[in-house]
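**Q** Could you look at this predicted model? Sequence included:
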Amino acid sequence: MKLSLKVNNQNLTADLIKPAEIKTLLPALIFVHGWRSNRSGNSNRAEQISKLGFICLAIDLRGHGDSDGLIEEFSRADHIEDIKSAYKYLSNLPEVDENKIGIIGASYGGYLAAVSLNYLKFNKIVLRVPALYFDDNFNIPTDKLIKGDPKAFKTADLSPKNSLALKGLSNFQGEILIIESEKDKIIPHGVIRNYTAVIEYRRSLTYKIMKNTPHSLETNQQEKEYITIVTNWLTDREGLVVEV
């Protein structure tokens, strides 16, 4: 079901996907896409994951897809407000267990998902090829920052003290799945290592590498592998690995 949420008097477009039959309170997931992407791929994934008994909400960040605004207008702070709006909507649904809301993000969306841990109560997080930034200029439009620094995915000197994403993950006590792409030319391994290094509760971490896969999922086989990794993890955390 397509719906619109309000964020600062603007429309945030989302797809709500529920299991065919609901008899009790269910866990929920928010899906956050990458930079200059949209919710379409996540909505397809949510359709499959909802069959496991999850209520899913795939959003278009403002400036993306069908949501209001131009991409040049919005900062990371603005996009965190988008996630807060999605969280509030889900947590208020009568069929959602508000203690079992998770978030799945890829690339820029993965970064935002990690940052959101500082503000919202999640019990699960999935980060696929997550980006990573310093906190400097958090309220400046993201498009301006990326255009101003083509090497925005920095790893040197990043810590929970100057990265909200690392801070959020370092304090998180829920279950964590981090997925790296072996052939990623955008997010280097050092970024993934920075994320995994700050996780205090090591037994909560599952780490996977998608072999011969670039930053974006380009084939049906890669898409299928990604869904399999996530669904296995959601059901039984199959193949726990913590070395990176």
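**A** The structure has been received and is ready for your questions.
**Q** what separates stretch 188-197 from the chain centre, distance-wise?
**A** 16 Å (C-alpha atoms, centre = their mean, to the nearest Å).
**Q** Mind listing what's buried along it?
**A** 191-192, 194-196 (16 or more other C-beta atoms under 10 Å). For every residue, glycine as well, the C-beta is placed using N, CA and C.
**Q** cool, and stretch 164-182?
**A** Those would be 164-170, 172, 174-181, for stretch 164-182 by 16+ other C-beta under 10 Å.
**Q** One more: stretch 37-56?
**A** 37-39, 41-43, 45-46, 49-50, 53-56.
**Q** What mean pLDDT does stretch 20-27 get?
**A** In this model, stretch 20-27 carries a mean pLDDT of 90.
**Q** Could you export it as PDB, CA atoms only?
**A** Provided in PDB are the C-alpha atoms of stretch 20-27 (Å, rounded to 0.1, in the frame of the first residue of the first chain):
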ATOM      1  CA  ALA A  20      -1.200 -11.900   4.300                       C
ATOM      2  CA  GLU A  21      -2.500 -12.900   7.700                       C
ATOM      3  CA  ILE A  22      -1.900 -11.100  11.000                       C
ATOM      4  CA  LYS A  23      -3.000 -12.800  14.300                       C
ATOM      5  CA  THR A  24      -0.700 -11.300  16.800                       C
ATOM      6  CA  LEU A  25       1.700  -8.400  17.200                       C
ATOM      7  CA  LEU A  26       4.500  -8.500  14.600                       C
ATOM      8  CA  PRO A  27       8.000  -7.200  14.200                       C
END
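**Q** Give me the contact list for it.
**A** For stretch 20-27, contacts defined as C-beta atoms under 8 Å, 6 or more residues apart in numbering pick out 19, 53-55, 95-97, 100-102, 123-124.
**Q** related to what we said a few turns ago, sort out for me which of the buried residues of stretch 37-56 are in helices.
**A** 41-43, 45-46, 49 (DSSP state H).
**Q** longest strand in the chain, by residue count?
**A** Longest among the strand segments of the chain by residue count, using DSSP state E, is strand 96-106.
**Q** so how far is it from its chain's centroid?
**A** 10 Å.
**Q** Same check on stretch 130-144?
**A** Stretch 130-144 has its C-alpha centroid displaced from the chain centroid by 16 Å (C-alpha atoms, centre = their mean).
**Q** for this protein, what helix or strand is lowest in average pLDDT?
**A** Sorting the helices and strands of the chain by mean pLDDT, DSSP states H and E puts helix 142-148 at the bottom, at a mean of 85.
**Q** Which other helices and strands does the helix or strand following that helix contact?
**A** Per DSSP states H and E, the first helix or strand lying C-terminal to helix 142-148 is helix 164-171. Packing partners of helix 164-171 (3 or more C-beta pairs under 8 Å, 6 or more residues apart in numbering; DSSP states H and E): helix 108-116, helix 189-197.
**Q** would you turn those into JSON lines with mean pLDDT and distance to I83?
**A** Shown next, in JSON lines, are the helices and strands packed on helix 164-171 (pLDDT from 0 to 100; distance: least, C-beta to C-beta, whole Å):
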{"stretch": "helix 108-116", "mean pLDDT": "98", "distance to I83": "5"}
{"stretch": "helix 189-197", "mean pLDDT": "94", "distance to I83": "18"}
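**Q** ok, so of the buried residues of stretch 37-56, who is nearest Y108?
**A** S37 (8.3 Å; C-beta to C-beta).
**Q** got the contact list for that closest one?
**A** Taking C-beta under 8 Å, 6+ apart, one finds 64-65, 106-107, 109 in contact with S37.
**Q** before we move on, what about I59?
**A** Counted by C-beta under 8 Å, 6+ apart, I59 has contacts 5, 12-14, 30-33, 39, 67, 82-83, 86.
**Q** Then R76?
**A** Counted by C-beta under 8 Å, 6+ apart, R76 has contacts 111-112, 115, 133, 138-139, 142.
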